[in-house]
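In: Sequence plus predicted model, see below.
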Amino acid sequence: MGVDRVARLLVRGRGLVEGVGEGEILVSQHPISFYGGVDPLTGVIKDPSSPLQGKCVEGKILVFPHGKGSTVGSYVLLSLKDAGKAPAAIVNTLSEPIIIVGCVLAGIPLMDKPEVDLLKKLRGGEWGKVVVGGRTAYLEVTI
């Protein structure tokens, strides 16, 4: 009788917006602009320069370096939440104000400054859970 083995990776980081999010991991090596880059009604990435074009952020742990673009991107994150299409959590290499404010408005758990380079470690498709409490946070990945 075989035994299923499940590897787990636990990565600590800086907590920015409290909460817990769990879902499939979606990784972008490139910054994401929510204003113009993500459809606020469907959650589908529509930026033609993004390798994630056509993928949906709904219920995903979205891992990317940082945001870019207009401050309206914060309100797109809120619109995604209102439409039921928001990511379950966001993990950045280093978050900037557009993403931080958007996650605060929408109540999306947010962490940054992971202790390992997740952009090199993860491929996407793994299952993850982000837990943010105060200034501490972690991402648990099932491999």
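Out: That came in fine, so what should we check first?

In: these two touch, right, T42 and K85?
Out: Yes: with contact defined as C-beta atoms under 8 Å, T42 and K85 form a contacting pair (6.2 Å). Heads up, the C-betas are built off the backbone N, CA and C, glycines and all.

In: Neighbour count: the two, which is higher?
Out: K85 (19 against 14; other C-beta atoms under 10 Å).

In: For G54, see how far away the closest residue to that one other than its chain neighbours is.
Out: Nearest in space to K85, with sequence neighbours left out and distances taken as C-beta to C-beta, 6 or more residues apart in numbering, is G43 at 3.2 Å. Distance, G43 to G54, using C-beta to C-beta, to the nearest Å: 11 Å.

In: Could you pull out the helices in this protein for me?
Out: For the chain, the helices defined by DSSP state H occupy 73-82, 97-106, 118-121.

In: nearest to S33, of those helices?
Out: helix 73-82 (6.1 Å; C-beta to C-beta).

In: for that closest one, the distance to its chain's centre please.
Out: Counting by C-alpha atoms, centre = their mean, to the nearest Å, helix 73-82 is centred 14 Å from the centre of its parent chain.

In: can I get the CA coordinates of that helix in PDB?
Out: Listed next in PDB are the C-alpha coordinates belonging to helix 73-82 (Å, rounded to 0.1, in the frame of the first residue of the first chain):
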ATOM      1  CA  GLY A  73      -6.000  50.300 -10.200                       C
ATOM      2  CA  SER A  74      -6.900  50.400  -6.500                       C
ATOM      3  CA  TYR A  75     -10.500  50.900  -7.400                       C
ATOM      4  CA  VAL A  76     -10.300  48.100 -10.000                       C
ATOM      5  CA  LEU A  77      -9.400  45.700  -7.100                       C
ATOM      6  CA  LEU A  78     -12.400  47.000  -5.200                       C
ATOM      7  CA  SER A  79     -14.600  46.400  -8.300                       C
ATOM      8  CA  LEU A  80     -13.300  42.900  -8.600                       C
ATOM      9  CA  LYS A  81     -14.300  42.200  -5.000                       C
ATOM     10  CA  ASP A  82     -17.800  43.700  -5.600                       C
END
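
In: Good, wrapping up.
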